[in-house]
Structure formats: C-alpha cells, structure tokens
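Asks: Got a predicted model here, sequence first, then my questions.
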Amino acid sequence: CSVYLYDEEKQELVLTATQGLSELSVGQVRLKLGEGLTGVALKELRPIREGSGSRNPNYKFIPGIYEEKFEAFLAVPILRGLSRVGVLVLQDPVTDYFDENDTKALLAIAAQLASTIENAKLLMALHRIRTDLEAEKAPAVPAEELRFIKGKAGARGYAIGHPTVFSIGGEDFLQESEFTRDITGGLEDFQYALSRTEQQLEELQTKMEKRLADVASMIFSAHLLIVKDPKFSGAMIELIKLGSTARDAIVAVIKQYIELFAGSKNPRLREKVQDVKDLGHRLLRNLYRDEEDNADYAGHVIIAGELLPSDVLKLSAQNAEGIILVGGAETAHVTLLAKSLELPLVLTNEERVFQINPSRRILIDGDHGNIYVDPERAVIDQFRQMEEDQKEAEAVAANMAETNETADGKRVELLANINMLSELKVARQLRAEGIGLYRSEFPFIVRTSFPSEEEQYRVYRTLVEKMEGMEITFRTLDVGGDKALSYFPGKQENNPFLGLRAIRFSLRYRDVFEHQLRAVLRAGHDANLRIMFPLVSSIDDYLEARSVVEDCIAKLTEEGIPHITHPRIGVMIELPAVVEIADELAREVDFLSIGGNDLVQYILAVDRTNEQMSELYQSHHPAVLRALKKVADAARRHKKSLSFCGEMAADPRMLPFLLGIGIHRLSIEPRKIPGIHNAVRSYSLKDCRKLAKQLLAMSRLRDIEQALNDFHAIVRA
C-alpha cells in the first residue's frame, strides 16, 4: 500500500508513505502528472485497476523501489472537491487480485482520507513558507548528504563510476588526488611523457576515425596542435632547466594556457579550455607512467554544465561511462549524439552534483533520469540484470518474423532513423527495411569548419555501401534552432526555432547547399536514394530547392562525374502552413514524410524541451490528429509515398491511429523496432480504422484519452 501526494506547484506526485516498497524511496520517487499508472489515475481523475500492471503501456518501471514483484495494481485518485490531493495505490504479487468491490472500497477510503490529507498539506505549506523565509540564514543541504536526484532522461542506458567535473575553468585542474603525489622527475621523464602523450593522441584519433568515420574527423586536432607546439613544450623544458620538477613545470604551463584560453573574447578559443585540461591530465599520467590509467575517463561519470558535440565524441573516445548535464542546457544534437554513441545521459538542475566528492560512486539511469549517489549493491545488481534482459531481448528480436504485418495481414514498413554510421549495424541486426531518415547535419555539427564536398562524399558513400541497395532517405542539412554550428558566425536570433534553420539556411547559403547535394548525388550514383528537404513552408520553397538539385545534376553531367540522375525528391512536413497546402504540395513532390515532433510543437506552440510546458505537448490533441489525417488523405489521393518520423511512431498507444488513417511507413530509432514490430502484429487494420474514425470525431482530450484506454484494454484482453 502506498500514498502519493500531489505537489501542485511542481505538478508532481511524491511517494509520501509506503508499506511494502523500499522505505528509502519515500520522498525520492516523483512522478509527473500523467506519468506511469499512478500519474494517469490522478491526471484523468479515475481509478485504474490492472490484473498485470507491467503490461499496461502506461506502466513505468522505477528501479530501486522493488515493486516488480507486485503484478496486480489498483490506484484511486484522492480528491478534495475538484482539487487533486494525491493517489492511493494497492499492489499484490498475485495477478488479477483486485476486483470491482476492491475499487469501490478504496474509493471510499480515499474520500475519507482526502480531508485529513488536505489539512496536513496546508500545515506543511505554512512550514514551507517559514522555511523559505529562513532559507537565507540556513545553509543548503550539503552535497555529502545527497543520495538520490530526480532528473530528466536524456540518452538510454545506465552508467556507474566516480564523478568527474568537466568545466571551462581551470580551478579544478588538480583536484584529483593522483596528481598531488610527490615526484622528482626531470627532463628525461618529461620527454618520455611528451612523446607518449603525442603517440596516444594519434592512436586515439586513428581509432575514432575507424569507428566513427562520418563525425570523428580530427576531433583531437586541438590536443595534437598544442602538444606539438614548440612554445608549449619549450616553456615546460625551460622551467625544468631552471630547477622545477617535471610535474611542477607541467602544472605551471597548463594553468597558464587555461588562463589564456578562458580569458579570450573568442568563443572558439574558450571552448579549448577543456582540451588543455585533458592534455595536462594526460601528460601527468604519463609522467607517473600510469599505463593502466591512459583511458582517461574509464570508470568515471562526467558532470558538466555545457557540452559541445565534439566534447561528447571525445568523452566517448576516452571511455567515459556516462554524462550528467546540469542547468537545463539541453541541446538536441548533444542528446542525439549521446544516444547514437550509446552513452547514458541524464539532465538535472541540481547544481550540488558539482560538489559530490570524487571518491564517491554515482549511478545514472538514462532511461528514467534518475541519479543515485553511493547506490546500494541491490540497486546496482538490479540495473545489471536489466542490461542482461535487454541483451536477451535484442537476441530474440534478431529472430522475429521476416515481415511486419497487422493481425489481418496489412504490410507495415519499419525504417530506421540514423544520426551516425555507427548505428547502421544495429539497424540491420534489428531488421530495419531501410533508412527512413538520415540526419545529415551531424558531420557538420561536430567539426570545427564546414566539411568539404569530398569529406561529405566519403561519409555518404559509406552509408550507401553499408545499406546494400536498401532505400535511404537523405534529409538535407537541418541546422539552426537548437542545432547551431559553433564555427558559423551567424547573427544571434531571438527565436532561433522560427529563424534561419533547415531549408531556409540551405537556400540562403547556396554554396554550402550545393556542396552537400553534389556529395549526395555522387555517393548515390548506384543507390536507392531519396532526397528530403526539412522545414519547407511553401511550394515555392520546394521548387527552389529542387531547382538547386537539378542544377547540381546538370553540372555533374557536364563534368562527367558519375551520379544519380533521377533521385526522388520530397519534403518533411513539420509546419501547420504546409498541412493546409498538402494537396497542392502532394501534386508536386515525389514523396512526403511527416516530422511528427516538430509538427506537434508548431501546431500547439509548445516547446517540447521545456519541462514546464510538457503537459501541454499532447500528440493526441484533436488538431494534431486532424492535421495528420489531412496529410494522409492528400498523399493517398495523389498516390504518393507517405512516411512518419517521430516519437508517435514508436508509441504503441498512438500507433493504431497512424495505421488507421493510412500511414503504413514508420521511421523510428533502431532499438525500438522490435517493440513496434510486435505491437503492429497485435492490431487489426479494421480495428485501427474504426479507432481513427472515432478519435477524429472527438474534440476533447479527455474523451480521446478514454477512447485510447478502452481500445488498448480490449487488445490486451
């Protein structure tokens, strides 16, 4: 039995009392309104009874509270009039344990509790006001007492290790105790450390270029340039000749360079501070001849306030276990890159994580956004078991049915969204039928300058060869908004999401656009290739962009360079304006693809990365559903291929609606393919069409949610 109280200010349910779950979870487990079965019960103001709670699509697994042994689930909202007070939850190991009578009894108990709990909450609020008034006098809870932090999920997976702060300042350069050891190394020791460091960096660069050929071009170039600079090593040698130990000479010069870079007005130079710190650590480790420590970040979880895409690549190359990003500085490309590199990532606003002692161990859960400080052995074992279960699931997925069909035989294509070439292996293993979205911006984002036509060609050609004739949909450069290029001196925009981004950027900077298109056309000379323009807002946008493709084809023909001569050209529908002209646009293009995440965001005017607005980001909003139907109808009338890219395509709850309106090509993250494959096979197209018709006739979110719940309850029965 558990009681969750609703924090109206934060719009969170907090586990306040429990009998049966872990007592350590009291006050630590927090659920957003609508999150998990408990959150849904309060959001929709209705009881939820499940014979097997873990089978419900709204079920949320929370590691460390030991609720997995309880299958039967019953939750009722605690209400005071129309005000949300909390949720009363019963769980039992025996499936189908609770019946209708239990629901009625629990509703009666909840009604009796409501008044008492509401009064207690008012009293607690008075205490909080007093606490707030005294907050300036009272010290904050020290970092030493932190045990659990609820953050936001970034990139899946878990990681455990010692905390290491990754910052732009130099004040923490020598915080690690290993660098305070006494050593009397002289010039010969320094020369060894310098030579070994240069060798390691070149080996790392070679290794990364083999592993991540598309994005790893010279990511250690700054390290190598500095370490090979005679002035850099010369300053250290000079100090050693004047009587300094090798250690003191390295420390002095590294601090001098950190100060120099950190104080620069040039943002690109300031970005190099961490490179200098990394270089200093590497020199010291080699001076101490710590061969086993050359991996740098193995066994460490990185804590940072800000990261560049190139930083994420370097951290992956140096074997970091995972990342905690502090301060709400989430950027889509950093999160996507971490996902592609399978580097667990959690976001949090809790700045005390910077003060966690490096000797402690932290575990991050990238699936749920949780951070555990000095976790118990049982929690660690639980995560390791989950990892084993995941591997087993993927092994089973490799043997899934050859074709994706609904229960009544309708073919559904499952394609993969790809950010980096390293993801192709998983996509092929999990039976992706092609690449529904290749995000071409990543080779641009992680570099320090625009990649040349030849550099792009090599990346795209590798992609084509690895796909062995399977369809590839190549989205042209989508930068701007939250995907800025650090080396591009563009003007600061007040609202970059509505500014110079995606196809607008490409049409403004034709030389960049033409170099990319030429590389694509050359790489795809023998490929099953489609070219897609992002964020098109009019037919004029499309025609102008298509004319650039045609010009590039004409020039390549004139130059006698092999290339694809008739690529299929289409658009990604992400703006409400294009939904309104879907019919006219469908007449012009070769294919359509719906960018679901941005389309929902722009229709509802809700920033999907803003946690305060997350409750308003509703993919089942009637305006969204009708917009999707309008596009699907236009594609069908003009017999044009239509695919869907976005989170909704990987959501089993919304999948039947997409199938029901005629969207039968879905492009999703590779690792989500097995789950959607199984979901597709559990639905009949006839039932999906009936559901879609029902939802499209509704105007209230609550009615749509209830209809979806009813549909899935029948499917599970």
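Replies: Okay, I see it.

Asks: Every contact and neighbour count from this point should use C-alpha atoms.
Replies: Fine.

Asks: which stretches of the stretch 451-600 of the chain have low pLDDT?
Replies: Along the stretch 451-600 of the chain, the parts satisfying pLDDT under 70 run over 481-484, 486-487, 489-496.

Asks: Show me the helices in it, by range?
Replies: Taking DSSP state H, counting those that start in this stretch as the criterion, the stretch 451-600 of the chain carries its helices at 453-467, 503-508, 510-523, 539-559, 576-580, 582-588, 596-604.

Asks: how is the chain carved up into domains?
Replies: Recorded structural domains for the chain (assignment: automatic domain parsing) are 2-138, 140-167+298-399, 182-287, 408-716.

Asks: Mind putting those into CSV with mean neighbour count?
Replies: Formatted as CSV, those follow (neighbours: other C-alpha atoms under 10 Å):
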stretch, mean neighbour count
domain 2-138, 17
domain 140-167+298-399, 19
domain 182-287, 18
domain 408-716, 19
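
Asks: returning to that earlier point: so which of the helices of the stretch 451-600 of the chain gets nearest L88?
Replies: Ranking the helices of the stretch 451-600 of the chain by proximity to L88 (C-alpha to C-alpha) places helix 596-604 first, at 32.9 Å.

Asks: helix or strand right after that closest one?
Replies: Per DSSP states H and E, the first helix or strand lying C-terminal to helix 596-604 is helix 622-637.

Asks: what's in contact with that following helix?
Replies: With contact meaning C-alpha atoms under 8 Å, 6 or more residues apart in numbering, helix 622-637 is reached by 576, 579, 582-583, 586, 592, 599-600, 603, 619, 641-642, 661-663, 695-696, 698-701.

Asks: Taking helix 596-604 as reference, get the angle to that helix.
Replies: For helix 622-637 against helix 596-604, the angle by axes from the mean of the first three to the mean of the last three C-alpha atoms, to 10 degrees is 120 degrees.

Asks: Need the per-residue pLDDT for H677.
Replies: Note on H677: pLDDT of 90.

Asks: My error: substitute M698 in the last question.
Replies: In this prediction, M698 carries a pLDDT score of 96.

Asks: State the distance from it to E705.
Replies: In this view, M698 and E705 are 10 Å apart by C-alpha to C-alpha, to the nearest Å.

Asks: can you check R289 too?
Replies: The value you get for R289 to E705, if C-alpha to C-alpha is used, is 62 Å.

Asks: tell me the contacts of T38?
Replies: Neighbour list for T38: A75, V87, V89 [criterion: C-alpha under 8 Å, 6+ apart].

Asks: ok, those vs R608, which is closest?
Replies: Nearest member of those to R608, counting by C-alpha to C-alpha, is V87, at 26.8 Å.

Asks: got the contact list for that closest one?
Replies: Contacts for V87 (C-alpha under 8 Å, 6+ apart) come out as V3, Y4, L5, Y6, T38, A41, L42, A75, V76, P77, I78.

Asks: T18 bridge partners, please.
Replies: T18 forms beta bridges with S2, as assigned by DSSP bridges.

Asks: Isn't it up against C1?
Replies: Yes - counting by C-alpha atoms under 8 Å, T18 does reach C1; the two are 5.7 Å apart.

Asks: quick one: the residue lying closest to G480 once chain neighbours are set aside from D92, how far?
Replies: Distance criterion C-alpha to C-alpha, 6 or more residues apart in numbering; nearest residue to G480, sequence neighbours excluded, is R501 at 4.2 Å. R501 sits 52 Å away from D92, going by C-alpha to C-alpha.

Asks: do the same with L194
Replies: Taking C-alpha to C-alpha, one finds L194 at 63 Å from D92.

Asks: now H566
Replies: 62 Å.

Asks: try F261
Replies: Distance, F261 to D92, by C-alpha to C-alpha: 60 Å.

Asks: now V346
Replies: 32 Å.

Asks: ok, L201 - contacts?
Replies: Contact analysis of L201 by C-alpha under 8 Å, 6+ apart lists F220, H223, L224.

Asks: List phi and psi for the spatially closest residue to I362 that is not a sequence neighbour.
Replies: Distance criterion C-alpha to C-alpha, 6+ apart; nearest residue to I362, sequence neighbours excluded, is V373 at 4.4 Å. Dihedral pair for V373: phi -100, psi 130, per degrees, to the nearest 10.

Asks: Could you grab the helix/strand/coil label for K10?
Replies: State at K10, reduced to three classes by DSSP: H, G, I helix; E, B strand; the rest coil: coil.

Asks: At which residues are the strands of the stretch 51-200 of the chain located?
Replies: Assigned by DSSP state E, counting those that start in this stretch, the strands in the stretch 51-200 of the chain fall at 72-80, 83-92, 148-150, 152-155, 158-166.

Asks: Dump these to TSV, plus mean pLDDT and distance to Y66.
Replies: Listed next are the strands of the stretch 51-200 of the chain as TSV, based on pLDDT from 0 to 100; distance: least, C-alpha to C-alpha, whole Å:
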stretch	mean pLDDT	distance to Y66
strand 72-80	87	14
strand 83-92	88	12
strand 148-150	82	16
strand 152-155	86	20
strand 158-166	88	18
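
Asks: of those strands, which approaches N709 most closely?
Replies: Nearest to N709 among the strands of the stretch 51-200 of the chain is strand 72-80 (15.3 Å), distances taken as C-alpha to C-alpha.

Asks: OK, contacts around the closest residue to Y297 other than its chain neighbours?
Replies: Distances taken as C-alpha to C-alpha, 6+ apart place A320 nearest to Y297, at 4.6 Å, with adjacent residues excluded. Contact analysis of A320 by C-alpha under 8 Å, 6+ apart lists D296, Y297, A298, G299, H300, V301, I302.

Asks: What helix or strand is M208 located in?
Replies: Assigned by DSSP H and E, M208 falls within helix 187-211.

Asks: So what's the residue count around A407?
Replies: Neighbour count of A407, defined by other C-alpha atoms under 10 Å: 15.

Asks: any low-confidence regions in the stretch 1-150 of the chain?
Replies: Low-confidence segments of the stretch 1-150 of the chain, defined by pLDDT under 70: 80-82, 115-116, 118-145.

Asks: Which stretches in it count as helices?
Replies: All helices of the stretch 1-150 of the chain, identified by DSSP H, counting those that start in this stretch, fall at 36-43, 100-133.

Asks: Then the stretch 251-400 of the chain?
Replies: For the stretch 251-400 of the chain, the helices defined by DSSP H, counting those that start in this stretch cover 267-270, 273-287, 309-317, 332-340, 377-397.

Asks: tell me the contacts of E471?
Replies: Neighbours of E471 in contact, by C-alpha under 8 Å, 6+ apart: E433, G434, I435, G436, A527, N528, L529, R530.

Asks: quick one: which of those sit in strands?
Replies: Within the contacts of E471, residues falling in strands by DSSP state E are G434, I435, G436, L529, R530.

Asks: tell me which of these is nearest to L113?
Replies: Lowest distance from L113 to the ones in strands among the contacts of E471 (C-alpha to C-alpha) belongs to G436, with 52.2 Å.

Asks: Surely the closest one and T473 touch.
Replies: Yes - counting by C-alpha under 8 Å, G436 sits close enough to T473 to count as a contact (5.2 Å).
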